[in-house]
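In: What shape does this take:
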Amino acid sequence: MPECWQLPPQSDRVRVRVIPTRGWQLGIVTWVSRVVVAEFVPSGSTASVLHQWCEDFAEGQRHLSGTAPTATALMEMIEAEDGSVDVWRWIARDGGTDEVLGIAQARRNSAEPDLAEFRMYVTPHAQLRGVGRALAELAEVDIAGFGVRRIRVTALVGSSAEHFLGSFDGHRVLLRLANQVQHLSPPTAHSARPGYRIVSWRNRTPDELVHSFSEALNRLLDAPGAELQMPERNWGADEVRSWEQKMTGGSQVLLVCCAVDDSVGEVAAATVVTVDEHDSTHASQHDTVVLPQHRGHGLARWVKEQQASVLAAEFPSLRRIYTTVNAENHPMLTVNRSLGYQTVAERILVEIRRVESASHKPR
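Out: Residues are numbered from 1 along each chain as shown. Okay, here's the model as predicted:
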């Protein structure tokens, strides 16, 4: 390849053919033994193949982080995408049986056009057959044509994926992340914090709180390493409404629990979770934040504690809450320990930067 993320030498490629993809773009279909790897365009696939792609994506995400939307929810979210979404997908299938063996997806970062979040999952029985390598090679070629020069991807510590990522030149570990789970227990008595009250809602922020809630979401970037996981933001009410639409895609239910400062009627702290209506046995906790002027009053623990009570009441079958915390975010890890969260796995966030060949110019 003229410019690449410098994969180590390979011996498993059997045949390569260049075919048109996305109109004028060129992609590669690679046969590795009986494996066929190609770009995956959901609108051009059958419902059964799309469902299988989503099943494999969801299973890979569950293995990586403990939780994921169901395949049905993923299908609904993908089908609702419009042409403005910068996302590319690939699929690896058995050339004889047509079974899906692996999938990959890259999503461009909205604030840094040369950066994409990359996810790739290979089914357990198809691992060590060159499927991951073939998917990575095809993804490299395709997204390079759209100006992507860096990807970020996570892997479980100690996994074959961690070893695979370490084989790329130009890779570096940005963060270590703790996968944590809280097993819900019966709700405790309602506690209080003088000067504050709890307000919770589903899906849509009350109009009277949307502006202060947007400021709370802006302060998520105060957390250690947050700038590596989300773009810089300066949100207002309109951005919150767009975020709500995204978070409630498919069958996702968005639940927010806030501590409101009684003196001014504004959000002082907040925590955000989603629950899949198709599988309400667990919740995914996304964000918890306390505004600077309200820190030191135990509000983070309070809103998470009250959120757990709300979840137990609204979803009787819910048993677990999953979350991911930067291993350097010691205040949040302390809060979570006090609530009974346990670390069940560790991940690394890796960035791979394209290494330009000295004998070739960038495309």
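In: Tell me how far E266 lies from W235.
Out: Note on E266: its distance to W235, by Cβ to Cβ, to the nearest Å, is 15 Å. Bear in mind the C-beta positions are built from the backbone N, C-alpha and C, glycine included.
In: now swap in E140 and tell me
Out: In terms of Cβ to Cβ, E140 sits 33 Å off from W235.
In: So which of the two has more stuff around it?
Out: E140 (21 against 18; other Cβ atoms under 10 Å).
In: for the helix or strand that contains that one, packing partners?
Out: Secondary structure assigned from DSSP states H and E places E140 in helix 131-144. Counting contacts by 3 or more Cβ pairs under 8 Å, 6 or more residues apart in numbering; DSSP states H and E, helix 131-144 is packed against strand 25-32, strand 35-39, strand 87-94, strand 100-108, strand 115-122.
In: For the ones you listed, give me JSON lines that also has distance to D56, mean neighbour count and mean pLDDT.
Out: Output for those, formatted as JSON lines (distance: least, Cβ to Cβ, whole Å; neighbours: other Cβ atoms under 10 Å; pLDDT from 0 to 100):
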{"stretch": "strand 25-32", "distance to D56": "17", "mean neighbour count": "17", "mean pLDDT": "49"}
{"stretch": "strand 35-39", "distance to D56": "14", "mean neighbour count": "21", "mean pLDDT": "89"}
{"stretch": "strand 87-94", "distance to D56": "9", "mean neighbour count": "22", "mean pLDDT": "93"}
{"stretch": "strand 100-108", "distance to D56": "5", "mean neighbour count": "22", "mean pLDDT": "94"}
{"stretch": "strand 115-122", "distance to D56": "6", "mean neighbour count": "21", "mean pLDDT": "94"}
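In: follow-up on the earlier one: how much distance is there from the helix holding E140 to the middle of the chain?
Out: Here helix 131-144 is found 20 Å from its chain centre; the criterion is Cα atoms, centre = their mean, to the nearest Å.
In: quick one: that helix to strand 35-39, angle?
Out: Per axes from the mean of the first three to the mean of the last three Cα atoms, to 10 degrees, the angle that helix 131-144 makes with strand 35-39 is 20 degrees.
In: now the angle from helix 131-144 to strand 87-94?
Out: Going by the same axes, to 10 degrees, helix 131-144 makes 150 degrees with strand 87-94.
In: now stretch 212-222, how far from the centre of its chain.
Out: 19 Å.
In: likewise stretch 231-249?
Out: The answer for stretch 231-249 is 16 Å, by Cα atoms, centre = their mean.
In: Likewise for stretch 203-214?
Out: Counting by Cα atoms, centre = their mean, stretch 203-214 is centred 24 Å from the centre of its parent chain.
In: Same check on stretch 202-215?
Out: 23 Å.
In: Endpoints of it, how far apart?
Out: Distance between the two ends of stretch 202-215: 19 Å, counting by Cα to Cα, to the nearest Å.
In: Please identify the buried residues of that stretch?
Out: Buried residues in stretch 202-215, counted by 16 or more other Cβ atoms under 10 Å: T205, L209, V210, S212, F213, S214.
In: Rank the helices and strands of the chain by mean pLDDT and give me the bottom one.
Out: Least confident helix or strand, the chain: strand 15-21 with a mean of 32, by mean pLDDT, DSSP states H and E.
In: Redo the buried residues of stretch 202-215 as a markdown table? Include pLDDT, secondary structure and distance to S43.
Out: Shown next, in a markdown table, are the buried residues of stretch 202-215 (pLDDT from 0 to 100; DSSP: H, G, I helix; E, B strand; the rest coil; distance: Cβ to Cβ, whole Å):
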| residue | pLDDT | secondary structure | distance to S43 |
| --- | --- | --- | --- |
| T205 | 97 | coil | 32 |
| L209 | 97 | helix | 38 |
| V210 | 96 | helix | 34 |
| S212 | 96 | helix | 40 |
| F213 | 96 | helix | 35 |
| S214 | 96 | helix | 34 |
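In: Go through these and name the one nearest P113.
Out: S214 (24.3 Å; Cβ to Cβ).
In: What residues does that closest one make contact with?
Out: W235, G236, A237, E239, V240 (Cβ atoms under 8 Å, 6 or more residues apart in numbering).
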